[in-house]
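Novice: Take this sequence and fold it.
(one chain, ligands or ions: 1)
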Amino acid sequence: MNFFDRLADRIETADSVVSVGLDPDMDRLPDVFHGYDLPRFAFNRRIIDATHEHAAAFKPNAAFYEDPDGWRALEETIAYVKGKGVPVLLDAKRADIGNTTRQYADLLDPDANTGADAITVNPYMGRDSLQPFLDTEGAGVFILCRTSNPGGADLQELELAEGDLLYERVAALADTWNEHGNIGLVVGATTPEELEEVREQVPDLPFLVPGVGSQGGDAEAAVEYGLADDIGVVNSSRGIIFAGENAARDEQDADRFASAAGDAAKRLKRRLNQYR
Ligand SMILES: O=C(O)c1cc(=O)[nH]c(=O)n1[C@@H]1O[C@H](COP(=O)(O)O)[C@@H](O)[C@H]1O
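Specialist: Coordinates of the predicted model:
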């Protein structure tokens, strides 16, 4: 089954377009988790248990796992999320020459431990650098288009000789590359005007919209423009998983931390659903 059909099913079942970002910064994990063999997995497991009923997807960002223990934690996390029947979107922002990307595409191999349902990729090296991902027909491929960070404009808003902006060209190309119907775009909620514009340009592509919560992005615009036929996800990472940090650090315990994350995911779900 196509990734976006699976995502649509999950959105309907959970009545949610929330993507819960699993970015388990070791410096911010409550002390109790540091006693485990795999602290990041122990933490994620509690967060997943507390939030999955409100999640359309989980999005682990590979940057938080790129060491030997981290990679094991990522594998365990992906397997655990899959066990809950929720799609996993691996935020890896990969792409390279074809021969190398073929290795990266193993991240989407359903038989591998890291077999994610979808991945984020960087279009900068062009179509062939993405082809192995795109050829994994059952997997979703979210192409960075207009990112949420302050420097997103440095390159993405450069005007091309033909008059369009670089991120607009990325959106147009992505639309033409979408032979298997498995492409989505990453467009941040921090630039709602660009979000609206990309939506007008490519009405049928689902978006992954990061930047609500900690980055202060526009939740209403994220839903209004991020979804194509009610398919797409709006991600919050720190705003959900570290919601329990408001308690004094020595008062933190795993239960309270997890339940604060569950409440934050539920609140975001309700808020986003107001605009669907
Ligand atoms: O590809 C992404 O998910 C992404 C793209 C983008 O433009 N901005 C962005 O914040 N992200 C990721 O989305 C997550 C946002 O985290 P929070 O700011 O904590 O909600 C991080 O994992 C970022 O790496």
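
Novice: any weak-confidence spans in the stretch 151-276 of the chain?
Specialist: Applying pLDDT under 70 to the stretch 151-276 of the chain picks out residues 247-251.

Novice: quick one: residue 143 is in a strand?
Specialist: Yes - counting by DSSP: H, G, I helix; E, B strand; the rest coil, residue 143 is found in a strand.

Novice: any idea how far it is from residue 5?
Specialist: Residue 143 sits 19 Å away from residue 5, going by C-beta to C-beta, to the nearest Å. For every residue, glycine as well, the C-beta is placed using N, CA and C.

Novice: and the two? which has more neighbours close in?
Specialist: Using other C-beta atoms under 10 Å, the more surrounded residue of residue 143 and residue 5 is residue 143, with 25 against 12.

Novice: Was I right to think that one contacts residue 178?
Specialist: No - using C-beta atoms under 8 Å, residue 143 makes no contact with residue 178, being 9.8 Å away.

Novice: what ranges do the strands span in the stretch 151-276 of the chain?
Specialist: Remark: strands assigned in the stretch 151-276 of the chain by DSSP state E, counting those that start in this stretch are 183-187, 207-209, 233-236.

Novice: Can you list the helices and strands that the second one packs against?
Specialist: Meaning strand 207-209. Packing contacts for strand 207-209, counted by 3 or more C-beta pairs under 8 Å, 6 or more residues apart in numbering; DSSP states H and E, involve strand 183-187, helix 192-201, helix 219-226, strand 233-236.

Novice: Please report phi then psi for the residue most central in space within the chain.
Specialist: The chain has residue 59 as the residue nearest its centroid, 4.2 Å off, counting by C-alpha atoms, centre = their mean. Backbone torsions of residue 59, given as degrees, to the nearest 10, read phi -130, psi 90.

Novice: Residue 242 now?
Specialist: phi -110, psi 20.

Novice: Contact residues of the stretch 101-250 of the chain facing the ligand?
Specialist: Neighbours of the ligand within the stretch 101-250 of the chain, by C-beta under 6 Å from any ligand atom: 120, 147-149, 186, 188, 210-211, 213-215, 235-239.

Novice: swap the cut-off to 8 Å and go again
Specialist: Contact residues, the stretch 101-250 of the chain versus the ligand (C-beta under 8 Å from any ligand atom): 120, 142, 144, 146-149, 152, 186-188, 208, 210-215, 235-240.

Novice: Relative to the ligand, how far out is the closest residue to residue 256 other than its chain neighbours?
Specialist: Setting aside the residues directly before and after it, residue 256 is nearest to residue 244 in space (C-beta to C-beta, 6 or more residues apart in numbering), at 5.8 Å. Distance of residue 244 to the ligand, given as C-beta to the nearest ligand atom, to the nearest Å: 14 Å.

Novice: Now the stretch 1-150 of the chain against the ligand: closest residue?
Specialist: Nearest residue of the stretch 1-150 of the chain to the ligand (C-beta to the nearest ligand atom) works out as residue 147 at 3.1 Å.

Novice: burial of that residue, as a residue count?
Specialist: 21.

Novice: Next: the one 5 residues further on.
Specialist: A count of neighbours around residue 152, defined by other C-beta under 10 Å, yields 20.

Novice: For this structure, which segments are assigned as helices?
Specialist: Here the chain has its helices, by DSSP state H, at 3-14, 39-51, 68-83, 98-104, 127-134, 152-156, 166-177, 192-201, 219-226, 238-241, 254-273.

Novice: Determine which of the ones you listed approaches residue 23 most closely.
Specialist: The closest of the helices of the chain to residue 23 is helix 238-241. By C-beta to C-beta, the value is 6.7 Å.

Novice: in the sheet, who's paired with residue 91?
Specialist: Residue 91 has these beta-bridge partners by DSSP bridges: residue 61.
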